[in-house]
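Student: I would like the atomic coordinates for the input below:
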Amino acid sequence: MEGQQQESHLLNAYVEALRERGGADYVTSFSMFGDTGRLLYRLIFCTNSIRGLEVMKRAMWKVDNTGECRFSDKDAPDQLRLLNATYDQTWLAEDLLRAFAGEEPTVSEIRDYVLTHTPCYLFKQALKSLESDHDSGVSCIEAPDGRRPNTYKDDELDSIRLRFSARQLF
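Tutor: Residues are numbered from 1 along each chain as shown. Below is the predicted model of the structure:
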């Protein structure tokens with residue numbers, strides 16, 4: 001193996017070892033690129049706390065946006081733009097439509113998906129735009145009494161369930 005294939009293999013093997021041998025429930029990685037586009041290093045973070053994963057992602061998003069270093073998601077190593085320029089709420093909304101097509105997850109399950117399967121940690125704005133857009137095929141099917149539409153209070157995430165239509169995206 002050479003180049004990108006070798007890098008991907010080593011990263012995957014290390015992440016798998018952290019999960020299997022190290023017992024880490026959540027493992028995520030961030031690639032740091034210099035201003036010339038050369039990979040400087042990878043930051044690999046592991047934890048057994050979903051909250052710890054959220055805190056780490058929040059910290060990564062707050063990194064200096066001067067352009068001296070750029071982040072890339074592990075799923076798209078050729079991306080050389082800043083996280084907040086690449087993975088915005090529109091991108092996340094589209095990803096959620098694909099990931100949950102035909103399903104009825106709780107907002108808590110959606111939050112966990114965002115934290116464990118995307119480079120993002122913020123998700124409420126994406127859900128708000130999906131739920132308020134009648135053409136999106138997303139609707140609330142279960143919520144606490146008195147819940148205002150398009151709101152997601154942290155203490156109610158387990159009791160709000162959304163339906164994602166099974167239609168195809170183009």
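Student: can you list the domain ranges for this structure.
Tutor: 3-82, 89-164 (automatic domain parsing).
Student: the strands in the protein, which residues?
Tutor: 26-33, 39-47, 70-73, 138-142, 161-164 (DSSP state E).
Student: Which one of those has the poorest average confidence?
Tutor: The weakest mean pLDDT among those belongs to strand 70-73, with a mean of 50.
Student: sorry, back to before: put together a markdown table for the domains of the chain, with mean neighbour count on each row.
Tutor: For every residue, glycine as well, the C-beta is placed using N, CA and C. Formatted as a markdown table, the domains of the chain follow (neighbours: other C-beta atoms under 10 Å):
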| stretch | mean neighbour count |
| --- | --- |
| domain 3-82 | 14 |
| domain 89-164 | 16 |
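Student: Out of those domains, name the one with the poorest average pLDDT.
Tutor: domain 3-82 (a mean of 77).
Student: Next, report how far it is displaced from the centre of its chain.
Tutor: In terms of C-alpha atoms, centre = their mean, to the nearest Å, the gap separating the centre of domain 3-82 from the centre of its chain is 12 Å.
Student: Over to stretch 117-133?
Tutor: Centroid separation for stretch 117-133 versus its chain: 10 Å, with C-alpha atoms, centre = their mean.
Student: Now do the end-to-end distance for it.
Tutor: End-to-end span of stretch 117-133 (C-alpha to C-alpha, to the nearest Å): 24 Å.
Student: who does Ser29 bridge with?
Tutor: The residues listed as beta-bridge partners of Ser29 by DSSP bridges are Ile44.
Student: give the contact list for it.
Tutor: By C-beta atoms under 8 Å, 6 or more residues apart in numbering, the contact list for Ser29 reads 11, 15, 42-45, 74.
Student: can you pull out the helices in this structure?
Tutor: Using DSSP state H, the helices of the chain run over 3-20, 50-61, 83-86, 89-99, 107-117, 124-132.
Student: out of everything not next to it in sequence, what's closest to the residue nearest the centre of the chain?
Tutor: Of all residues in the chain, the one closest to the mean position by C-alpha atoms, centre = their mean is Thr118, 2.4 Å from it. Once flanking residues are discounted, Thr118 sits nearest to Asp95: 6.1 Å by C-beta to C-beta, 6 or more residues apart in numbering.
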